[in-house]
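Novice: Everything below, folded, please.
(one chain, ligands or ions: 2)
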Amino acid sequence: MSKVATFERGIHPKYNKELSSGKSITPAKLPQRVVIPLSQHIGAPAKCEVKIGDEVKKGQVIGSPAGFVSSPVHSSISGKVIAIADFPTAVGRLVPSVVIESDGKDEAVSFKENPNYMNLSADEIKAAIKDAGIVGMGGAAFPTNVKLSPPKEKPIDTVILNGAECEPYLTADHRLMVERPKDVVEGLKIIMRSLGVNKGYIGIEENKPDAIAAIKSAASGESSIEVHTLEIKYPQGAEKMLIKAIKNREVPSKGLPMDVGVVVQNIGTAIAIYEAVRFGKPLIERVVTVTGRGIKEPRNMMVRVGTLLSDVIDQCGGLVEGAVKVISGGPMMGFAQWTLDVPVTKGTSGILVLSEEEYVSSEEYFACIRCGRCVDVCPMGLNPSMLSILIEKGHYEEAKDYNLYDCFECGSCAYVCPAKRPMVQFMRLAKSQVKP
Ligand code: SF4
Ligand code: SF4
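Specialist: Ligands and ions are numbered 1, 2, ... in the order given. As a prediction, this is how the structure comes out:
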């Protein structure tokens with residue numbers, strides 16, 4: 001079954017995906033050195049398991065989970081540990097990290113393959129996912145085995161894979177769906193098995209007809225899987241919007257997808273799950289879209305975790321003259337960078353380099369003129385205008401009365417605001433000051 005589905009409100013930014021959508025995924029060069037943060041996930045940072053001078057192999061555990069909501073971290077190359085210290089990351093925090101100098105051999109530990117992976121129990125699947133250090137690769141980086149272990153009072157009947165990739169410029173998931181559709185479908189089947197669910201969906205925006213065709217073909221023999229074509233609209237790929245579009249279920253205020261019986265996973269995560277459960281491969285590399293008119297040769301690359309942004313950018317021909325801004329992630333939800341010496345992590349979906357003509361400066365902003373445009377587009381039905389005014393005045397507690405914590409920082413309100421108000425920064429500031 002196929003239909004064009006969507007959610008209420010949202011925006012239609014210029015997508016700019018043509019820069020990289022036709023570029024096949026190519027492997028990045030083996031890095032000389034990697035900086036691997038011990039915290040690349042939501043939850044407790046991993047506990048360091050190596051010391052300076054240790055020789056490590058690709059896939060070896062260098063950090064073990066330090067709690068239920070935590071995740072192991074593995075070396076992405078073979079070589080020697082040369083430093084363990086705090087290093088900056090793309091989200092602007094200093095994080096304890098392990099620096100490894102490559103020995104050029106790229107020797108791996110032996111991975112435990114399992115050709116009969118669909119016979120594994122739910123617990124065995126979740127253990128394999130946990131051991132592989134898999135976290136949500138769409139950006140949130142929540143440990144996947146935890147997401148696949150909802151409490152008993154929250155029964156799950158549906159799994160949705162997010163193939164919308166609604167962030168402008170990014171094409172990593174698009175390429176994975178075109179190039180590895182069978183692995184996407186196998187990943188979905190494994191997730192469904194781990195949750196005891198017999199209905200799975202893959203939602204893909206209409207602007208990716210080749211991905212829709214590839215996934216439909218790969219899923220053609222699977223009666224339990226439906227592929228849904230989604231309207232091209234931002235933020236179509238947000239969990240709550242996907243659930244509304246595909247299942248017409250509303251996640252309640254302050255609620256989670258599991259409150260309406262749904263688990264949502266990203267395309268890259270589904271493939272990582274397949275690789276972990278089938279081949280025992282840990283999450284040590286990922287597809288990164290390197291794009292924008294500020295980069296000489298936009299590409300989709302398979303990059304080892306820990307590779308520095310500067311290294312990746314060099315492999316794409318470097319920056320064009322007049323490149324003004326580098327963002328980790330997409331333009332709507334990504335993080336502006338002040339140094340390129342930060343590493344690609346499990347959650348890095350893109351490196352976007354904006355040229356002068358693409359970049360809209362947001363340094364100067366004005367008072368709200370109450371035009372209401374932000375209210376018209378907020379996918380959560382919030383009043384971003386009122387929230388921004390309260391936060392600007394420091395009334396953080398009052399902002400909670402306007403459902404501050406339902407804001408997932410999609411940036412739609414900022415995109416349409418004629419006063420150029422930094423809405424997402426306002427929301428992040430308030431959330432850092434008051435608890436939910
Ligand atoms: S950033 Fe928050 S308030 Fe603004 S549109 Fe998105 S969800 Fe609504
Ligand atoms: S879009 Fe900007 S100016 Fe208009 S109401 Fe919202 S915050 Fe105010």
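
Novice: in stretch 75-95, what's buried?
Specialist: 75-79, 81, 84, 87-91, 95 (16 or more other C-beta atoms under 10 Å). C-beta here means a position set from N, CA and C on the backbone, and glycine is covered the same way.

Novice: tell me, which of those residues make contact with ligand 2?
Specialist: When C-beta under 6 Å from any ligand atom is applied, no member of the buried residues of stretch 75-95 is adjacent to ligand 2.

Novice: Okay, and which of those residues map to strands?
Specialist: Judged by DSSP state E, these include 79, 81, 84, 87-88, 95 as members of strands.

Novice: ok, so of the residues you listed, who is nearest Val360?
Specialist: If you rank these by distance to Val360 using C-beta to C-beta, Pro88 comes first, at 25.5 Å.

Novice: Quick check, the closest one in contact with Asp341.
Specialist: Yes - counting by C-beta atoms under 8 Å, Asp341 is a contact partner of Pro88 at 7.2 Å.

Novice: Up against ligand 2, what does the protein have?
Specialist: With C-beta under 6 Å from any ligand atom as the criterion, the chain meets ligand 2 at residues 368-374, 384-385, 388, 416-419, 421.

Novice: hmm, back to that, which single one of the ones in strands among the buried residues of stretch 75-95 is nearest to Glu364?
Specialist: Pro88 (26.8 Å).

Novice: Among the ones in strands among the buried residues of stretch 75-95, which pair sits farthest apart?
Specialist: Farthest pair in these (C-beta to C-beta) is Gly79 and Pro88. Separation: 21.6 Å.

Novice: Phi first, then psi, for the residue positioned nearest the centre of the chain.
Specialist: Closest to where the C-alpha atoms of the chain average out (C-alpha atoms, centre = their mean) is Gly138, at 1.5 Å. With angles defined as degrees, to the nearest 10, Gly138 sits at phi -80, psi 0.

Novice: In which helix or strand does Thr348 reside?
Specialist: Using DSSP states H and E, Thr348 sits within no helix or strand.

Novice: what do you get for Ile215?
Specialist: Assessed by DSSP H and E, Ile215 sits inside helix 209-218.

Novice: Point out the least confident member of the buried residues of stretch 75-95, please.
Specialist: Sorting the buried residues of stretch 75-95 by pLDDT puts Val91 at the bottom of the list (86).

Novice: Excluding chain neighbours, what is closest to it?
Specialist: Of all residues not flanking Val91 in the chain, Phe335 sits nearest, at 5.4 Å (C-beta to C-beta, 6 or more residues apart in numbering).

Novice: who are the neighbours in contact with that neighbour?
Specialist: Shown in contact with Phe335 (C-beta atoms under 8 Å, 6 or more residues apart in numbering): 90-92, 327-329.

Novice: Would you check how far apart it and Ala108 are?
Specialist: Counting by C-beta to C-beta, to the nearest Å, the gap from Phe335 to Ala108 is 31 Å.

Novice: The residue nearest to the centre of the chain touches Asn266, doesn't it?
Specialist: Yes - Gly138 is in contact with Asn266 according to C-beta under 8 Å; the separation is 3.7 Å.

Novice: Common neighbours of those two, please.
Specialist: Shared contacts of Gly138 and Asn266, defined by C-beta under 8 Å, 6+ apart, are found at Asn162.

Novice: Okay, now the unreliable bits of this structure?
Specialist: Along the chain, the model assigns pLDDT under 70 to residues 1-3, 361-362.

Novice: quick one: the helices in the stretch 301-436 of the chain?
Specialist: For the stretch 301-436 of the chain, applying DSSP state H, counting those that start in this stretch gives helices covering 309-315, 373-377, 384-392, 396-401, 412-416, 423-433.

Novice: Give me the contact list for the fourth one.
Specialist: Applying C-beta under 8 Å, 6+ apart, the external contacts of helix 396-401 come out as 387, 390-391, 404, 430, 433-434, 436.

Novice: can you put those residues in a markdown table and add neighbour count and distance to ligand 1?
Specialist: Converted to a markdown table, the contacts of helix 396-401 look like this (neighbours: other C-beta atoms under 10 Å; distance: C-beta to the nearest ligand atom, whole Å):
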| residue | neighbour count | distance to ligand 1 |
| --- | --- | --- |
| Leu387 | 26 | 6 |
| Leu390 | 21 | 12 |
| Ile391 | 23 | 11 |
| Leu404 | 21 | 9 |
| Ala430 | 24 | 11 |
| Gln433 | 12 | 16 |
| Val434 | 13 | 16 |
| Pro436 | 8 | 15 |
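
Novice: Closest to ligand 2 out of these?
Specialist: Leu387 (8.8 Å; C-beta to the nearest ligand atom).

Novice: which residues touch the closest one?
Specialist: So Leu387 contacts 399, 402, 404, 407, 423, 426-427, 430 (C-beta under 8 Å, 6+ apart).

Novice: burial measure for Phe68, as a count.
Specialist: Each residue near Phe68 was counted by other C-beta atoms under 10 Å, and the total is 11.

Novice: distance between stretch 238-254 and the chain's centre?
Specialist: Remark: stretch 238-254 is offset 18 Å from the chain centroid, using C-alpha atoms, centre = their mean, to the nearest Å.

Novice: now stretch 429-436
Specialist: 23 Å.

Novice: and what of stretch 20-31?
Specialist: Distance of stretch 20-31 from the chain centroid (C-alpha atoms, centre = their mean) equals 18 Å.

Novice: buried ones in that stretch?
Specialist: Of all the residues in stretch 20-31, those buried under the rule 16+ other C-beta under 10 Å are 20-21, 23, 25, 28, 30-31.
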